[in-house]
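[1] Here is my input, please return the structure:
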Amino acid sequence: MRKQVNTVAICLMTTAALASGQGPVVTRPAGFAISPPLSQSPSAPPATGLSIIPLRSIPRAAGAPVDDPVLQTVYGPLVDATPGVHFDGIGANGVAPSDANLDVGPNHIVQTVNDEWAVYDKNGNIFPGYPKSLGSIWAALGAPCNSNWGDVIVQYDTSADRWFISQLGSFTAPFYECIAVSRTADPTGAYALYQYNFGSNLPDYPKHGVWPTATNPAYLATYNLFANAQTFVGADLCAYDRTAMLAGSASPTQICFMVSNDGGFLPSDLDGGSTAPPDGSPGYFTTFETSPIELHLFKLSPNFASPPSSTFTGPTSIPVAAFTELCGGGACIPQSGTFQKLDSLGDRLMYRLAYRNFGDHEALVTNHSVTAGLGGGVRWYELRDPNGAVNVFQQGTFAPNAAFRWMGSVGMDKAGDIAMGYSVSSSSLHPGISYTGRVPADPAGTMESEAILLAGGGSQTGGLTRWGDYSAMQIDPTDDCTFWYTTQYLKSSGSFNWSTHIGSFSMNNCTGVAGNPDFTISAAPPSQTVSRGGTTTYTVTIAAQNGFNGVVSFKVSGLRLLDKATFSPTTVTGSGATTMTVNVSPFGRTGTFPLTITGTSGSLSHSASVSLVIQ
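    You can find the predicted model right below:
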């Protein structure tokens with residue numbers, strides 16, 4: 001069902017203005033300050049009580065269970081990844097769930113949870129005085145942001161070499177969002193502090209993305225809106241003036257558009273050390289729908305010099321393979337040794353909507369939790385051409401056995417490899433942490449085998465269903481290859497005793513230290529159908545990275561004995577495309593044949609996969 005969209009630009013519009021359709025109202029942050037260096041701020045005090053952050057569900061049209069046509073029920077090849085550093089992060093502090101989140105800079109890892117944050121080096125050593133309370137970040141700003149409200153997000157802004165941290169600003173009206181942007185590359189230093197007033201609508205489950213276009217860069221955000229923290233009314237899709245925030249200006253503009261009666265959106269977020277989006281690109285916002293089953297894409301082009309001139313378009317409907325929300329969005333995740341079930345958050349996309357610009361194409365990857373046979377799986381998508389004819393390049397549901405996999409996060413490295421971290425639990429398994437990944441040469445829509453990052457040591461009891469709320473897969477900007485992942489687990493059974501873990505790994509297909517010349521290869525369409533004796537073509541594209549200007553030659557494997565393939569041109573220098581023409585013999589068997597296209601330049605070799613369907 002299409003949702004009604006309010007297409008009027010709003011910036012902290014009042015409830016009355018929303019109801020009347022009154023157009024653009026521009027206000028300013030209710031508060032602004034510059035913090036002292038946080039090394040001078042107090043560390044977090046011991047928890048004095050226990051607090052459960054309530055789950056505010058997103059109403060969606062309920063449908064009958066459906067078969068999942070992209071369900072992966074077997075393990076792929078051994079995951080071709082090299083484990084790196086791993087260590088425990090912040091532990092339980094009296095609040096549930098953890099909301100574990102992190103990002104990585106050249107020299108620091110910043111992890112955030114409810115209601116604390118900490119800074120580590122890349123060997124897992126915590127900086128002195130940490131963890132600190134969330135409210136300590138906004139101490140100089142005062143109430144309400146100087147308290148611990150949670151729903152925290154941290155982002156490293158690679159091109160600016162700065163840190164962005166946000167949290168909710170209150171649980172009673174007026175409701176606030178609190179934002180801090182570091183003044184330098186040092187996350188333990190001073191921050192520019194802001195608070196934005198959302199009036200009587202609680203901006204629940206905020207998610208943020210870094211969007212550094214050349215002339216109109218923004219920090220993007222999404223919020224699920226609940227009137228008086230009770231009744232779901234829709235979502236705010238927002239852009240904050242990144243230039244002004246990086247400059248420490250007192251009044252950075254916030255531009256929001258409301259989508260009525262729909263939620264669970266994520267904002268596009270530049271991955272790792274990736275190339276910036278093309279100048280003029282709008283910010284992208286995506287959610288899934290259940291009636292009909294599809295993704296919706298919205299585009300926001302902010303104009304911070306003239307907010308009423310900002311544009312907002314959508315939804316663009318993107319059909320996807322059928323799925324059923326895990327647990328109907330509620331709690332059904334089993335655990336070993338207890339009848340206590342855990343929340344699935346299957347009613348929304350899971351953080352992040354990771355963006356990467358490869359030059360020849362743009363890609364977005366994201367995920368959510370779905371039913372998979374008798375268990376649960378992670379449905380993931382790679383979307384391409386978001387500012388044009390957006391399409392699902394590939395999709396899959398990873399559920400290689402009957403366990404429950406959920407609370408995932410997905411990222412993509414500079415070689416086009418995709419990595420996915422998630423929690424795993426079953427009636428015979430304590431909730432643990434695992435990951436998988438794929439390289440472009442793998443069959444479309446499939447992941448390789450599963451690697452255990454950390455086995456769970458206990459199950460959550462005491463009637464507590466809340467688990468995780470989200471996790472984070474991020475890319476190290478120093479090499480644009482290393483994935484860092486964090487989420488929660490338990491060392492022993494109990495309640496309010498969660499721990500968090502931070503681990504790194506890299507796909508072996510992602511070669512070289514940052515700055516080494518390299519290339520990526522992609523092929524489209526992902527599948528072609530042809531009759532015996534016929535001809536079909538694929539476009540194979542090479543994208544140069546870090547100044548690569550070598551000559552790439554091509555070969556293909558997987559053809560039947562009498563089928564032939566030719567490339568025109570036969571080589572590509574630097575960046576460019578070639579057409580692969582496949583001449584299908586009139587003889588031989590029919591069926592689907594996976595083809596692997598390999599590009600080679602000296603010692604560098606990368607592959608892409610397509611399918612040939614012969615009728």
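
[2] Restricting to C-alpha, output the helix or strand harbouring residue 33 in PDB.
    Taking DSSP states H and E as the criterion, residue 33 maps to strand 31-34. In PDB, the C-alpha atoms belonging to strand 31-34 read as follows (Å, rounded to 0.1, in the frame of the first residue of the first chain):
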ATOM      1  CA  GLY A  31      20.900  25.100  22.300                       C
ATOM      2  CA  PHE A  32      24.500  25.300  21.100                       C
ATOM      3  CA  ALA A  33      27.900  25.100  22.900                       C
ATOM      4  CA  ILE A  34      31.500  24.100  22.500                       C
END
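
[3] Now do the following helix or strand past it: distance to the chain's middle.
    Note on strand 31-34: by DSSP H and E, the next helix or strand toward the C-terminus is strand 51-52. Distance, stretch centre to chain centre, for strand 51-52: 26 Å (CA atoms, centre = their mean, to the nearest Å).

[4] Give me the contact list for strand 51-52.
    Here strand 51-52 makes contact (CB atoms under 8 Å, 6 or more residues apart in numbering) with 94-96, 464, 466. (C-beta placed from N, C-alpha, C; glycine too.)

[5] those helices in the stretch 101-250 of the chain, which residues are they?
    242-246 (DSSP state H, counting those that start in this stretch).

[6] where does it have low pLDDT?
    Nowhere does the stretch 101-250 of the chain drop to pLDDT under 70.

[7] that older thread, report the buried members of the contacts of strand 51-52.
    When the contacts of strand 51-52 are checked for burial by 16 or more other CB atoms under 10 Å, the buried set is 95-96, 464, 466.

[8] any idea which of these is closest to residue 125?
    residue 95 (25.0 Å; CB to CB).

[9] okay, now the closest residue to that closest one other than its chain neighbours: neighbour count?
    Distance criterion CB to CB, 6 or more residues apart in numbering; nearest residue to residue 95, sequence neighbours excluded, is residue 114 at 4.3 Å. By the criterion of other CB atoms under 10 Å, residue 114 has 26 neighbours.

[10] so which pair among the buried ones among the contacts of strand 51-52 is furthest apart in space?
    95 and 464 (11.4 Å).

[11] Which residues are in contact with each of the two?
    Here residue 95 and residue 464 share the contacting residues 52, 496, scored by CB under 8 Å, 6+ apart.

[12] in terms of contact, does residue 285 touch residue 264 like I think?
    No - with contact defined as CB atoms under 8 Å, residue 285 does not reach residue 264; the gap is 10.6 Å.

[13] who's more crowded, those two?
    Between residue 285 and residue 264, counting by other CB under 10 Å, residue 285 is the more crowded of the two (28 against 24).

[14] Which pLDDT value goes with the more buried one?
    Here the pLDDT value assigned to residue 285 is 98.

[15] phi, psi of it?
    phi -140, psi 130 (degrees, to the nearest 10).

[16] how close does it sit to residue 307?
    18 Å (CB to CB, to the nearest Å).

[17] What of residue 279?
    Residue 279 is 20 Å from residue 307, by CB to CB.

[18] quick one, which of those two is more surrounded?
    Neighbour tally, residue 279 and residue 307, criterion other CB under 10 Å: the higher count belongs to residue 307, 20 against 10.

[19] where does the residue nearest the centre of the chain land in three-state SS?
    Geometric centre of the chain, nearest residue: residue 352, 1.3 Å, by CA atoms, centre = their mean. The assignment at residue 352 comes out as strand when based on DSSP: H, G, I helix; E, B strand; the rest coil.

[20] That one touches residue 420, doesn't it?
    No - at 11.5 Å, residue 352 does not count as touching residue 420 under the criterion of CB under 8 Å.

[21] hey, what's in contact with both of these two?
    409-410, 473.

[22] Neighbour-wise, give me the winner out of those.
    residue 473 (28 neighbours).

[23] Now do the contacts for the residue nearest to the centre of the chain.
    Applying CB under 8 Å, 6+ apart to residue 352 gives the contacts 207, 209, 266, 269, 366, 409-411, 472-473.

[24] One more: residue 471?
    Counted by CB under 8 Å, 6+ apart, residue 471 has contacts 100-101, 350-351, 407-409, 421-423, 485-488.

[25] One more pass at 10 Å, please.
    Listed by CB atoms under 10 Å, 6 or more residues apart in numbering, the contact set of residue 471 reads 98-102, 350-352, 406-409, 421-423, 433, 485-488, 500.

[26] Would you map the helices across the chain?
    15-20, 242-246 (DSSP state H).

[27] follow-up on the earlier one: can you tell me which of the contacts of strand 51-52 is nearest residue 187?
    Checking those one by one against residue 187 (CB to CB), the nearest turns out to be residue 95, at 21.9 Å.

[28] Next one: that closest one from residue 118, what distance?
    Residue 95 is 15 Å from residue 118, by CB to CB.

[29] measure stretch 117-124 end to end?
    14 Å (CA to CA, to the nearest Å).

[30] residues of it that come out buried?
    With the criterion 16+ other CB under 10 Å, stretch 117-124 contains buried residues 117-120, 122.

[31] Just name the closest of those to residue 218, please.
    For the buried residues of stretch 117-124, the nearest to residue 218 is residue 117 (23.5 Å; CB to CB).

[32] Find the nearest non-adjacent residue to residue 36, please.
    With CB to CB, 6+ apart, the residue lying closest to residue 36 is residue 190, at 6.1 Å.

[33] That neighbour reaches residue 182, doesn't it?
    Yes - using CB atoms under 10 Å, residue 190 makes contact with residue 182 at a distance of 7.4 Å.

[34] Neighbour count: these two, which is higher?
    More crowded of residue 190 and residue 182, by other CB under 10 Å: residue 182, with 25 against 19.

[35] could you list every residue that touches the closest residue to the more buried one other than its chain neighbours?
    Excluding its sequence neighbours, the residue lying closest to residue 182 (CB to CB, 6+ apart) is residue 163, at 4.1 Å. By CB under 10 Å, 6+ apart, the contact list for residue 163 reads 103, 105, 108, 110, 119, 154-157, 180-189, 191.

[36] Just the buried residues out of those residues, in PyMOL syntax.
    Buried residues among those (16+ other CB under 10 Å), as a PyMOL selection:
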select buried, resi 103+105+108+110+119+154+155+156+157+180+181+182+183+185+186+187+188+191
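
[37] Where strands are concerned, which of the contacts of residue 163 count?
    103, 110, 119, 154-157, 180-182, 191 (DSSP state E).
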